[in-house]
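1. Pasting a predicted model and its sequence here:
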Amino acid sequence: MVNIDVFDTIKEKLSLVETKDDFKTVFKLVQILASNERSNKDVMALLDDGIRKAVFLEDNESLVNLYGLKILQLEHLKTNIPTISELLIEMHKIAKKYDYNEGLAFYYSFVWYIEKFKGEQVKSKQAILKAIEILSQAEKKNEYVYHFVRYSYAIEQWTTNHDEDCVEIFEECLLYYYNSNFHRSAVQTLGLLGIIYQQTQNRKKASNASKQVFNNNYFFDQQPEDVKAIAYYLAGVSQLLEHNLGQAGYLCSESYNLLNNKLHHSNFYSYYIARLLSHLAIVHALQGKLELSFENITKIEDLLDDDCIKNGMGNNSIEQVYHTLNLIKFYVYSRLFGFKVEKVQTLISKIYQGISNNYSDSILLSEFILNAKLDSEQLKKLTNTTNASLQRIKHILEYTLIKSSNNLEIKTDSLISILSKKQKIKNFTFIEEAHSDLLLAQELFSEKRYAEISSLLKQYENRLHQIEVLEMRIFMEAFIQVGAYKNGDPLGPALQYMAIKKCRNHGFSRLENKLLNYLQLQHKEIARPI
């Protein structure tokens, strides 16, 4: 909620403005307020007062910037697109007429966002490249516009290319936003930096980014609830990238609790609500809480059936949420007894079609590639795709492609070679490494290279608590014992039975059957010499 005293003070000062010089001082106050508050009727009315004042004073640069601030109040709602389009036309016309290059760059950065919101990826990218090109030739008189455009460009570079060079831009923007009292922008930038630091395995910087938000009690406590919720949301995403499921679940739940009440008053937050529920559904699925995961999926599907809710979500966001839901469904189905890919071909087709244009959780995506029985042409197509999520699991794609090959002579050596070289993959997380090592251990078992299994998995023996993906932890426990047994530990099979019992308790029927098969193979080898 807007601070009434602050709002009234700015409104009074605006009413007393008589010259362009007077307007500059008041405009900065309006700019800070409009940047920190979103979808607010009082702020919208204040901006309209400012627009009338700018027209009266013939302050065309301020007028362009005020139109941009008004668009910020209207974003995230499809029903506002006609109004936004009219404001954009005015922005462009005035900026062009008066050779206000920064205003043109500002205009194109909004075009970038709106085209992305509509799902027009090519037009969106063209707009932000145009914005950054114009900005490079501008005088940099307006610091807010300068950082706004560069921030938008950095978002595009990270979301589409995972370009690490954008970190420098975000860090520069953070310094400006923090020092200039743009608190909402500062929190969002810190959150995004935390995600990037986590994704690129810069844990020290990731930790520092989190502390800057949450350990600064004065700063954090002063923020409105929706800004706090966004901070929790971005921190939750950061933890989910590392598959720190307990922390991710806590942070996303905190964010959801703060925003859920607001959803009844405004669909401005429907994007965050839908994404939060999808993140929680991932967390629960990977924790083995399959029923709870499906409860969240049902909640999201109910949200997406509501046209008012969908009004607050761009086409890309809706597509992303559906893609995530489909991946979760496949993960859960593929864990259950009697799973057959033939029965879920429609689901597989939807996931395959959505992979190239959407973000995918690395474990969910890896398990889909391993279990969906895609044909070689489909796998080759995915291998050649530049999608950042696919690039992250390229070794899984190559492994699965060779696995599906009929050339038995090259198959095993190639499989082991691909998985053994995984350490060379940049920014591998602990969970992703454990996932690949489990695949490698299975290939080593098939080649009777048992001693190598024990040395490969020994590093996880005292770190099992860090593997929060429940099925993976159970599988790792069992396979550590497979390696230990082959190295002479007689307790191996008994401990494997304990892992099998855990599978039964959690409903992991396919893993239970797989572990039983490994036990039978071991018993056959015991019986053979007798």
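-> Alright, I've got the coordinates.

2. can we go C-alpha only for contacts and neighbour counts from here?
-> Fine.

3. Quick check: which element contains residue 51?
-> Residue 51 belongs to helix 41-57 when assigned by DSSP states H and E.

4. again with residue 152
-> According to DSSP H and E, residue 152 maps onto helix 143-161.

5. do the same with residue 313
-> For residue 313, there is no enclosing helix or strand under DSSP H and E.

6. Now do the same for it: its pLDDT.
-> In this model, residue 313 is scored at 82, pLDDT.

7. again, but for residue 247
-> We have a pLDDT of 94 for residue 247.

8. Residue 489 too?
-> Confidence score, pLDDT, at residue 489: 64.

9. re earlier: may I see the buried residues of the helix holding residue 152?
-> 144-158, 160 (16 or more other CA atoms under 10 Å).

10. Which residues does the helix holding residue 51 contact?
-> By CA atoms under 8 Å, 6 or more residues apart in numbering, the residues outside helix 41-57 that reach it are 11, 14, 18-20, 27, 30, 33-34, 37, 60, 62-63, 66-67, 69-70, 73.

11. rerun at 6 Å
-> Residues from elsewhere that reach helix 41-57 (CA atoms under 6 Å, 6 or more residues apart in numbering): residue 63.

12. same question, stretch 72-86
-> Under the contact criterion CA under 6 Å, 6+ apart, stretch 72-86 has outside partners 38, 39, 71, 311, 312.

13. what's the helix or strand for the residue nearest to the third one when sequence neighbours are not counted?
-> On the basis of CA to CA, 6 or more residues apart in numbering, the spatially nearest residue to residue 71 that is not a chain neighbour turns out to be residue 84, at 6.0 Å. Here residue 84 is covered by helix 81-97, with elements defined by DSSP H and E.

14. Only C-alpha atoms, please: export that helix in PDB.
-> Extracted as PDB, the C-alpha positions of helix 81-97 are listed here (Å, rounded to 0.1, in the frame of the first residue of the first chain):
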ATOM      1  CA  ILE A  81      -2.800  -4.200 -24.200                       C
ATOM      2  CA  PRO A  82      -5.000  -1.800 -26.300                       C
ATOM      3  CA  THR A  83      -4.300   1.000 -23.800                       C
ATOM      4  CA  ILE A  84      -0.600   0.200 -23.700                       C
ATOM      5  CA  SER A  85      -0.500   0.200 -27.500                       C
ATOM      6  CA  GLU A  86      -1.900   3.700 -27.600                       C
ATOM      7  CA  LEU A  87       0.600   4.900 -25.000                       C
ATOM      8  CA  LEU A  88       3.400   3.300 -27.100                       C
ATOM      9  CA  ILE A  89       2.300   5.200 -30.200                       C
ATOM     10  CA  GLU A  90       2.400   8.500 -28.300                       C
ATOM     11  CA  MET A  91       5.800   7.600 -26.800                       C
ATOM     12  CA  HIS A  92       7.300   6.900 -30.200                       C
ATOM     13  CA  LYS A  93       5.700   9.900 -31.900                       C
ATOM     14  CA  ILE A  94       7.000  12.400 -29.400                       C
ATOM     15  CA  ALA A  95      10.500  10.800 -29.000                       C
ATOM     16  CA  LYS A  96      10.900  10.700 -32.800                       C
ATOM     17  CA  LYS A  97       9.600  14.300 -33.300                       C
END
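
15. which of the residues in that helix are buried?
-> By 16+ other CA under 10 Å, the buried positions in helix 81-97 come out as 81, 84, 87, 88, 90, 91, 92, 94, 95.

16. Past it, which element shows up next along the chain?
-> By DSSP H and E, the next helix or strand past helix 81-97 is helix 101-118.

17. Show me what that next one is packed up against.
-> If you count contacts as 3 or more CA pairs under 6 Å, 6 or more residues apart in numbering; DSSP states H and E, helix 101-118 packs onto helix 121-136.

18. Give me the contacts around the helix it packs on.
-> Helix 121-136 is touched from outside by 102, 105, 108, 109, 112, 115, 116, with contacts defined as CA under 6 Å, 6+ apart.

19. Try it again at 10 Å.
-> Residues from elsewhere that reach helix 121-136 (CA atoms under 10 Å, 6 or more residues apart in numbering): 101-118, 138, 145-146, 149-150, 152-154, 156-157, 160, 316, 357.

20. now the angle between helix 101-118 and that helix, please.
-> Inter-element angle recorded for helix 121-136 and helix 101-118: 160 degrees (by axes from the mean of the first three to the mean of the last three CA atoms, to 10 degrees).

21. Okay, buried residues for helix 121-136 please.
-> Quick answer for helix 121-136 (16+ other CA under 10 Å): 121, 124, 125, 127, 128, 129, 130, 131, 132, 134, 135.

22. and which of the residues you listed is nearest to residue 298?
-> Taking CA to CA as the measure, residue 298 sits nearest to residue 121 out of the buried residues of helix 121-136, at 29.0 Å.

23. Now find how far off-centre the helix holding residue 84 is within its chain.
-> Distance of helix 81-97 from its chain centroid, counting by CA atoms, centre = their mean, to the nearest Å, is 31 Å.

24. Would you mind getting the angle between it and helix 101-118?
-> Orientation of helix 81-97 against helix 101-118 (the same axes, to 10 degrees) gives an angle of 160 degrees.

25. circling back to that earlier point, got JSON lines for the contacts of stretch 72-86, with distance to residue 211 too?
-> As requested, the contacts of stretch 72-86 are exported to JSON lines (distance: CA to CA, whole Å):
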{"residue": "38", "distance to residue 211": "25"}
{"residue": "39", "distance to residue 211": "29"}
{"residue": "71", "distance to residue 211": "32"}
{"residue": "311", "distance to residue 211": "35"}
{"residue": "312", "distance to residue 211": "31"}
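
26. Pull up the distance across stretch 158-171, start to finish.
-> Using CA to CA, to the nearest Å, the end-to-end distance of stretch 158-171 comes out at 14 Å.

27. follow-up on the earlier one: could you point out which element follows the helix holding residue 51?
-> The helix or strand immediately downstream of helix 41-57 is helix 60-74, counting by DSSP H and E.

28. Dump that next one to CSV, keeping only the CA atoms.
-> Provided in CSV are the C-alpha atoms of helix 60-74 (Å, rounded to 0.1, in the frame of the first residue of the first chain):
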residue,chain,number,x,y,z
ASN,A,60,8.4,16.4,-24.0
GLU,A,61,11.2,14.3,-22.5
SER,A,62,9.3,14.0,-19.2
LEU,A,63,6.1,13.3,-21.1
VAL,A,64,7.7,10.3,-22.8
ASN,A,65,9.1,9.0,-19.5
LEU,A,66,5.7,9.4,-17.8
TYR,A,67,4.0,7.4,-20.5
GLY,A,68,6.6,4.7,-19.8
LEU,A,69,5.9,4.8,-16.1
LYS,A,70,2.1,4.5,-16.8
ILE,A,71,2.7,1.4,-18.9
LEU,A,72,4.5,-0.1,-15.8
GLN,A,73,1.2,0.2,-14.0
LEU,A,74,-0.6,-1.6,-16.8
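
29. So the protein: which segments form each domain?
-> 1-163, 224-310 (automatic domain parsing).

30. next one: the last one to chain centre, how far?
-> Put plainly, it is domain 224-310. Centre-to-centre, domain 224-310 and its host chain are 12 Å apart (CA atoms, centre = their mean).

31. Next, the contact list for residue 279, please.
-> The contact partners of residue 279, by CA under 10 Å, 6+ apart, come to 233, 236-237, 240, 248-249, 252-253, 273, 285, 293, 296, 321, 324-325, 328, 361.
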